[in-house]
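*Asks:* return atomic coordinates for the entry below.
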Amino acid sequence: MSLPVRMLTGRIMRTMRYVAPITASHFTPSVPTQRRWMASEPQRHEFQAETRNLMDIVAKSLYSHSEVFVRELISNASDALEKRRYAELKGDVAEGPSEIRITTNKDKRTITFEDTGIGMNREDLVKFLGTIAKSGSKDFIENNKENAEAVIGQFGVGFYSAFMVADSVVVTTRKVGSSDADGLQWTWNGDNSYEIAETSGLQTGTKIEIRLKVGDSATYAE
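*Replies:* Purely as a prediction, here's the structure:
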C-alpha cells in the first residue's frame, strides 16, 4: 500500500526518494526470513524506569496522532542509510543499494519497515531500543511528567512511537562488519521487558515488524 503523503512531512518528504512502498502480496523481502532461525537462547532485559516513563508519556500525549510512528520509523531508517553511506565513503564497507521498504499484511495486522542501512549490533539494540542514553534523563522525565511537550522535545519520539499502536514489535538486524553470528532479533511483547537473541539468515540492515492492536490501529495494515 502507498502511505498518504499527508502523513509524511518535513524531513521525511526528503527521504521519500529511498522509499518503495508496495503491498505484501508482491513484496520479495531482501531479508530471507524463511531461512531465519534462532541461534541462541533469548536474553531478557528490563526497560529502564525512565524509558518506561517516556513510553507512557508518548502514548498518552500522542494517542490522537498515532500516525507519527510512520514518520519516526522512516526517519530512523533514513539515518541508518546515511550512516552506511558514510561508512562506504570511508571504504569500510562495500557499496550497496539504499532502500526503505514499507509493507503491510491486513490478515496478520502487521506493518513492516525495512532498510538496507548500517544495521545494529547487540550494544546498539540495548542502547537505542532499551535505554535513554542521555545524562540527567531520569530526573528530567520525573520532574516533567505532566509536561509532555517538554519531554518529547528533549528526547524525541523515535522508536517508542511504535508502541502506541503495537501489540508486539520484532526487530531483526545485522550490522555491517558485526560478529554477532548472522544477526540479532529484538522482541517486545507488550510488557516492561524485551528479549535479544542471535539469529541466522539475515543480510545487512534492519527490519521492524509491528503487529498492530485491534481497532483503529489495525487500519495501518490495510
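
*Asks:* buried residues, stretch 171-183. List them.
*Replies:* Across stretch 171-183, burial judged by 16 or more other C-beta atoms under 10 Å covers 171, 172, 173, 174, 175, 176, 178, 180, 181, 182, 183. Yep, even glycine has a C-beta here, placed from its N, CA and C like the rest.

*Asks:* and the single longest helix found in the chain, what's buried?
*Replies:* Longest helix in the chain, counting residues (DSSP state H): helix 68-89. Within helix 68-89, the residues scored as buried using 16+ other C-beta under 10 Å are 68-78, 80-81, 84-85, 87-88.

*Asks:* the buried residues of stretch 171-183: which two are farthest apart?
*Replies:* Longest distance between any two of the buried residues of stretch 171-183 is 16.4 Å, between 171 and 176; criterion C-beta to C-beta.

*Asks:* about what we covered before: now do the helix or strand following the longest helix of the chain, average pLDDT.
*Replies:* Per DSSP states H and E, the first helix or strand lying C-terminal to helix 68-89 is strand 100-105. The pLDDT scores in strand 100-105 average 97.

*Asks:* what angle sits between strand 100-105 and helix 68-89?
*Replies:* If you take axes from the mean of the first three to the mean of the last three C-alpha atoms, to 10 degrees, strand 100-105 sits at 140 degrees to helix 68-89.

*Asks:* what separates strand 100-105 from the chain centre, distance-wise?
*Replies:* Relative to its chain's centre, strand 100-105 lies at 13 Å (C-alpha atoms, centre = their mean, to the nearest Å).

*Asks:* now swap in stretch 89-109 and tell me
*Replies:* 12 Å.

*Asks:* quick one: the strands in this protein, in order.
*Replies:* Assigned by DSSP state E, the chain shows strands spanning 43-46, 100-105, 110-115, 166-174, 184-188, 193-198, 205-212.

*Asks:* need those in JSON lines (columns: distance to residue 146).
*Replies:* Formatted as JSON lines, these follow (distance: least, C-beta to C-beta, whole Å):
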{"stretch": "strand 43-46", "distance to residue 146": "25"}
{"stretch": "strand 100-105", "distance to residue 146": "35"}
{"stretch": "strand 110-115", "distance to residue 146": "32"}
{"stretch": "strand 166-174", "distance to residue 146": "25"}
{"stretch": "strand 184-188", "distance to residue 146": "26"}
{"stretch": "strand 193-198", "distance to residue 146": "27"}
{"stretch": "strand 205-212", "distance to residue 146": "29"}
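
*Asks:* wait, which of the ones you listed is closest to residue 222?
*Replies:* Nearest to residue 222, of these and by C-beta to C-beta, is strand 100-105 at 7.0 Å.

*Asks:* can I get that closest one in PDB, CA atoms only?
*Replies:* Extracted in PDB, the C-alpha atoms of strand 100-105 (Å, rounded to 0.1, in the frame of the first residue of the first chain):
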ATOM      1  CA  ILE A 100      13.500   1.700   2.600                       C
ATOM      2  CA  ARG A 101      10.600  -0.600   2.100                       C
ATOM      3  CA  ILE A 102       7.200  -0.500   3.800                       C
ATOM      4  CA  THR A 103       4.900  -3.500   3.500                       C
ATOM      5  CA  THR A 104       1.600  -4.400   5.100                       C
ATOM      6  CA  ASN A 105      -0.400  -7.500   5.800                       C
END
